[in-house]
Each structure stands twice: as structure tokens, then as C-alpha cells.
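Asker: here is the input, now give the coordinates:
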Amino acid sequence: MLGVCYYPEHWPESMWAEDAKEMAELGLKYVRIGEFAWSRIESAPGVFHFDWLDRAIDTLAAAGLQVIMCTPTATPPKWLIDLYPDILPVDVKTGTVRGFGSRRHYDFSSENFFREAMRITEVLGQRYGKHPAICGWQTDNEIACHDTTHSYSTNARSAFQQWCRQQYGDVSNLNTAWGNVFWSMEYQNFEQIELPYLAVTETNPSHNLAYRRFSSDQVIRFHNAMIAILRQHAPDRFITHNFIPMSDTQTDNAMLAKELDFVSYDNYPLGRTDLFFADASTADFKRYMRTGHPDYSSYAFDQSRGISNAPFWIMEQQPGPVNWARHNPRPEAGMVRLWSWQAFAHGAATVCFFRWRQVPFAQEQMHAGLKRADNSPATAFAEIETLFKELQQLPDLASHDVKASVAIVTETTAQWVTEIERQGDSYNQQQVEFSYYSALRKLGITVDFIGQDSDLSQYKLVIAPCLPIVQPSFIERCQASSATLVFGPRSGAKTSELTLAPNLGPGLLQQLIPVKVLSVETTRPDCFDALQFAGKTYQSARWREELSEHSELTTVAHYHDDSAAIVRYNNCYYVGTLTCDALLEDLFTELAKQQGIETIRLSADLRLARRGQLNFIFNYSAEPVTLNLPKNTRFIVGSDQIKPFDVVICH
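Answerer: Have a look, this model is predicted:
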């Protein structure tokens, strides 16, 4: 299925019917509306204007389109801010109020906003919850975007103090858990607790982690309350939310998604490549400047699938140049279609494009749409025409599931810990996790993302690139698993309060592998040492651990001084260093072979994805490639000569 994001309030009503007709003719089924329309719906307290919205919904429905209605809470109107100024968040970097004038200008700890957000949600739910043209709801919009999970407000401080009281019971328990005897930071009561920002130097890491957990809980509280209202008034409609990249929410994504019917994701490969790969060399960056990195979108797709209760959606798919990255190139011809197929290949049920028409005013006037501001079709329009025709040739994708025998264990807490206690400027948890993921994808391996509470029984290879805080229940699951287990550096090094494991790292993982981390050094990326594995030389850089010796351990790889860098005990491997992509690929090739997992060495710009019996092959290169496929291969889209920036679908 295909869809689009539409803003009827931006266009003359005389254009709506023709827009709807063209959407349907293009093959679109779903239209998302309303996520930024609060001021147009309610112009003053209790003064509602629904006639225009009713007509817009009816116009779309008359063309055979289904409507996804949004709660408009991402953009509280000016009159509401004037009525309750405490809605505005306070910047944690400067301590200044983040003012009205853009979007997401609200504080999750403002009870005034919580009440008003739930009120407008209920008003809309009561009016449209059972409307026959509305198939589902999207909550808010890109929750936590623009660094809005955290606030330095008085409201946040009071709420955090109460959260600490509930978590620790007695302030002496908190002092002990956080180690507040250090630097004379002991509190005599909960009312003394400040927020961990704007101090002279670094704040207590345990305090910082507690505040992040609190902030995450505030977001989830807000989101779950909104879902509950919609469930009451729209009991037979789906509810979803459009996530930004998981690392950007600063929230426990699994818990944020728990009450949704399915997760949606906003896919902007070029804008995100510009941000995520900012440190890449000029040659490497330019190579993917107009395509996005071959693994970046699938990294987000697989993460979305991992926390979704049903096949995920792409609620916003980049159709051309965007306006918000540091640089905004246009996609190569064919890439919008390729990205869409890539989403379907990784388990998506629907892809919606942002937006129908480029708006000629305000903050996003430079952001492309499927149509230009003069209403002429943009480049992506023809690609979607092709995509729709190709979708008709495929069997029902709902009957083809993504099956993986390899899993990456991830959680937001790992990101928090490594952001709080950086130790080395060149260590980045998302980059580390991505490097492990990308190495697997270069081998044609399908990957699930799972949490510590997930069932491990279906997996042959379970990898935790960075898991600083390990739960006892996860150890039990690992002990019961026959999978090969791989843990990256820093894993198990911390307690739940972000203090050193009392038995040294990897802490609880010593129940799986008898190794201790004796010391840690971090180095500049360009100051690497040799690493020996399987008779070849690789690199050890950025993060390097000194591992203890043990008679039952097998050294798999060693540093330049012959000390152990990667060790094994039974089915468990511990990797004590950050390393290069080549070692990860060779290591995972060997481990996959041991477990009977099929691998295929792909060139740098080719990727393979499997969904049921269907094989999807993507060419991110500007050069055509001849595919070496079995003679009985049946091609549904394309042939064994894959063109530049193209996709082949076969089985």
C-alpha cells in the first residue's frame, strides 16, 4: 500500500477535489492529515472550527482514499502558550526558555499542557473516532524530535524530585546508589535535588542516568494517556506513531511503542546521511551523498520492525531535497522508488510520501513534495507511478514475513550510558552498533533487533555490540540458548545505577564467560594498533580493554603485544576492542559458518534482503551489475542485469 501526507489547510479548497483525484490515480490509498492544525481547528479556548476539516475528509473519501487522522499536539497554538507560559520547555544547555515560533514547543512535565493535550485529543476522538473515512490515528508527530525529551524547567525539576522519591523511598538510599559522598554531593531531602545540567564540570553519572529514565517515563506517560483516549473513542481504528531515528528520541523506544498497533517511521536517507556520517572522508561521503548509505535506512527499518506489534509503516518517505540538514542534495533518479522497495523488503506494510505538494511559504518551503509548488509533478511522481505498477505484480506481501536467525541486542539505556560516560570522544554507541549491523548486511544476513527480554530460541547468532547494563534475566536466557553469543566492549561493565560492576567488567556476563576487564584505554581513531585474527592483521582503535587470562579461555584475536583482544568460552565470545569493518565481516563470516547460516559477500554497493520467498537486490552504485543467480530464478521486477540505482525482485 502507498500513501501521502497532505495539508488541506495550506491550499485553497478549490484544489482539494483535484488533489484527491490525482492521489487516487497515482495509486495512493492513505492520506495523513491534521498533525499541525491545532490553531485552525481551535482558534481560541473552546472556539472550534470543524467545517473545513469535515469537508476535507469528505473530499478525500469521495475519491476512494482512507484518512489517517493525527492529534495536533506537536504544535500548541499561541493562545495556549499565552494562557499557560509554563508549557514552553527550558533548554538544558543554556537554561533559557525555548520560545514559540516553530514546533514541538512543549514541556512533557507541564501539567497544563498534559491536560490541554488530552483535552484536544478527546475532542477530536469524540468527533472523528468512528468516522467511516478514517482508518486510523497517528499520535502527535515525531515525538521527542529537536531534543525535546529533556527540559530544565521548574516543572521538570519538581516532577523529577517526586520521581526520585518514588524510586528510592529514602534520600539516604538515593545518596548511596548515586555515590553522592563523592565531591560532597549528599542531599538531606528530595526537595534539594537539582537537574543534572549547567554545573561547573561533569555531573554525577548516576544522577544523569536517573534523570534520563525519568524523562523517558514522562514521554511515555504522555503518549500512553493519548493512546488510551483514542482507544476509548476509536476502538476499531489503528493507532500508530511516526518515529524519528531511534537514537534521537532519548526515550525507551520499546516502551514508547508498546501500546501502539504498529510503529511508523519517517525515512529521510539523505538528510540523515549528512548528519550520521558527518565524519566520513570526502570520497566516502560523496559516494552516498545522493543515495544515502546502503545500510542506513535498513538499519532504521529493522529497528522499527523490532519494536512494532505488526508490520511497520513508513509514514514519511523523502521524495526529493529536504530543507533541514546541513546540506540538502537531491536524490539520484530512481532512489525514491529504491528506498520504498527497501522498506517493503525489510517488512513494511505501507509507504507514505512526504508530502503531496511543496508548500511555497514558511519554514519548509524548500522541502520537496511529489508535486512542485506550481502543481507540476516533481521527479519522484513518475517513480511512484512505476512503483505502484510493480506492486501489482507481486504476491501479497502480508503473506511473506521477514525471518532472521541473527539478532542484535539493543536498548536505549546503552545509548544513555555511553553518552553520559563518554570516556573517549571517538566512541559513539550508535556508530558502534551500526558498524556491527552493516558488517552483517554486507554478508547478506537478515537481522532482527531485540531487547534483553526477548525470546532467543529462534536465533543461531546473538550479538550485543554495546550492552553496559545487563539484566539477570537476560543471563538466564543466554544460558538456556544454543546460539553463538557475541558481546562487544563495555558490555556488562556497569550496574543498574551506572557504577562499576563490583566484580569488574563484564560484570554479570562472567556467568557466561570467565574473563575480567582489568583496564580500559581510549585513543584517537587515527592512533590504531595491529590486531591479529585468523592469520591476518586488522586494526584496534578508539576503545581497547586489557583482558585477564584464564585457563578455560580461548584467545580468538590478540593485540600487537600478544595479549588477548577477543576471547571465547564455549558458545560465548567477548570482543574487548573497537575494530575495523574488515575484522567484523571476517569474524561474522566464521561464526555464521559454524552455525550453518548462509552468507554471501556483497560488493560495497549491493544489498540483498529476503522477505519470505522473495529476494530483493538493491544497487546503490552508478554502474550496472551482472548478477550471478541460479538459472531457475524467476524475476518479478528487473533481470540479472541490475541497472544503476535500481532494484531486482525475484524468487
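
Asker: when you work out contacts or count neighbours from here on, use the C-alpha atoms and nothing else.
Answerer: Will do.

Asker: can you list the domains in this protein?
Answerer: Domain assignment for the chain by automatic domain parsing gives 2-150+220-394, 406-594, 606-650.

Asker: nearest to Leu195, of the ones you listed?
Answerer: Among the domains of the chain, the nearest to Leu195 by Cα to Cα is domain 2-150+220-394 (9.0 Å).

Asker: okay, now the closest one: how far is its last residue from its first?
Answerer: Criterion Cα to Cα, to the nearest Å; first-to-last residue distance in domain 2-150+220-394 is 14 Å.

Asker: what does the pLDDT read for the closest residue to Leu174 other than its chain neighbours?
Answerer: Beyond its immediate neighbours in the sequence, the residue positioned closest to Leu174 (Cα to Cα, 6 or more residues apart in numbering) is Tyr168, lying 5.7 Å away. Looking at Tyr168, its pLDDT is 98.

Asker: again with Ala254
Answerer: Ala254 is assigned a pLDDT of 98 by the prediction.

Asker: center of the chain, which residue is that?
Answerer: Residue closest to the average C-alpha location in the chain (Cα atoms, centre = their mean): Met246, at 2.5 Å.

Asker: got the contact list for it?
Answerer: Taking Cα atoms under 8 Å, 6 or more residues apart in numbering, we find Met246 in contact with 253, 300, 303.

Asker: go with 10 Å
Answerer: 252-254, 265, 300, 303-304, 411-412, 430 (Cα atoms under 10 Å, 6 or more residues apart in numbering).

Asker: dihedrals phi and psi, Ser247?
Answerer: phi -70, psi -20 (degrees, to the nearest 10).

Asker: so it touches Ser304, yeah?
Answerer: No. Counting by Cα atoms under 10 Å, Ser247 sits too far from Ser304 to count as a contact (11.8 Å).

Asker: longest helix anywhere in the protein?
Answerer: For the chain, the longest helix by residue count, based on DSSP state H, is helix 205-233.

Asker: returning to what we had before: out of the domains of the chain, nearest to Ala177?
Answerer: In terms of Cα to Cα, the element of the domains of the chain nearest to Ala177 is domain 406-594, at 6.5 Å.

Asker: first vs last residue of the closest one, how far apart are they?
Answerer: 13 Å.

Asker: and stretch 644-651, by the same measure?
Answerer: Note: stretch 644-651 ends 21 Å apart using Cα to Cα.

Asker: buried set for that stretch?
Answerer: Across stretch 644-651, burial judged by 16 or more other Cα atoms under 10 Å covers 644-650.

Asker: one step back: what's the longest helix of the chain packed up against?
Answerer: helix 111-128, strand 134-138, helix 154-168, helix 171-178, strand 238-243, helix 253-257, helix 412-420 (3 or more Cα pairs under 10 Å, 6 or more residues apart in numbering; DSSP states H and E).

Asker: the same query, at a cut-off of 8 Å, please.
Answerer: If contacts are counted by 3 or more Cα pairs under 8 Å, 6 or more residues apart in numbering; DSSP states H and E, helix 205-233 sits against helix 111-128, helix 154-168, helix 171-178, helix 253-257, helix 412-420.

Asker: hmm, back to that, pull the number of nearby residues for the residue nearest to Leu174.
Answerer: 14 (other Cα atoms under 10 Å).

Asker: over to Pro329?
Answerer: 17.

Asker: what is the neighbour count of the nearest residue to it once chain neighbours are set aside?
Answerer: The shortest distance from Pro329 to any non-neighbouring residue, by Cα to Cα, 6+ apart, is to Pro321 (5.6 Å). Residues lying near Pro321 (other Cα under 10 Å) number 20.

Asker: and Pro321, what does it touch?
Answerer: 328-331, 366-368.

Asker: okay if I get those as JSON lines plus distance to Trp137, secondary structure and pLDDT?
Answerer: Shown next, in JSON lines, are the contacts of Pro321 (distance: Cα to Cα, whole Å; DSSP: H, G, I helix; E, B strand; the rest coil; pLDDT from 0 to 100):
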{"residue": "Asn328", "distance to Trp137": "31", "secondary structure": "coil", "pLDDT": "95"}
{"residue": "Pro329", "distance to Trp137": "32", "secondary structure": "coil", "pLDDT": "95"}
{"residue": "Arg330", "distance to Trp137": "31", "secondary structure": "coil", "pLDDT": "96"}
{"residue": "Pro331", "distance to Trp137": "30", "secondary structure": "coil", "pLDDT": "97"}
{"residue": "Met366", "distance to Trp137": "28", "secondary structure": "coil", "pLDDT": "97"}
{"residue": "His367", "distance to Trp137": "24", "secondary structure": "coil", "pLDDT": "97"}
{"residue": "Ala368", "distance to Trp137": "25", "secondary structure": "coil", "pLDDT": "98"}
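
Asker: looking at these, which two lie furthest apart in space?
Answerer: Pro331 and Met366, at 14.5 Å, using Cα to Cα across those.

Asker: neighbour-wise, which of the two wins?
Answerer: Legend: neighbour count by other Cα under 10 Å for Pro331 and Met366, higher for Pro331 (22 against 17).

Asker: if I look at the more buried one, how far off is Val359?
Answerer: Taking Cα to Cα, one finds Pro331 at 19 Å from Val359.

Asker: again, but for Val556
Answerer: Distance, Val556 to Val359, by Cα to Cα: 57 Å.

Asker: and those two? which has more neighbours close in?
Answerer: Val359 (22 against 17).

Asker: ok, and the closest non-adjacent residue to that one?
Answerer: Nearest residue to Val359 in three dimensions, chain neighbours excluded: Gln365, at 5.1 Å (Cα to Cα, 6+ apart).

Asker: taking the buried residues of stretch 644-651 one by one, which sit in strands?
Answerer: Cross-referencing the buried residues of stretch 644-651 against strands under DSSP state E gives 647-650.

Asker: can you show me the CA trace of stretch 203-222 as CSV?
Answerer: Below are the C-alpha coordinates for stretch 203-222, written out as CSV (Å, rounded to 0.1, in the frame of the first residue of the first chain):
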residue,chain,number,x,y,z
THR,A,203,27.6,16.0,36.8
ASN,A,204,27.2,12.7,38.6
PRO,A,205,26.6,9.9,36.0
SER,A,206,24.1,8.1,38.2
HIS,A,207,22.2,11.3,38.7
ASN,A,208,22.3,11.8,34.9
LEU,A,209,21.0,8.3,34.2
ALA,A,210,18.2,8.7,36.7
TYR,A,211,17.1,11.9,35.0
ARG,A,212,17.1,10.3,31.6
ARG,A,213,15.0,7.4,32.9
PHE,A,214,12.6,10.0,34.4
SER,A,215,12.4,12.0,31.2
SER,A,216,11.7,8.8,29.2
ASP,A,217,8.9,7.9,31.7
GLN,A,218,7.4,11.4,31.2
VAL,A,219,7.2,11.0,27.4
ILE,A,220,5.7,7.5,27.8
ARG,A,221,3.2,8.7,30.3
PHE,A,222,2.1,11.5,27.9
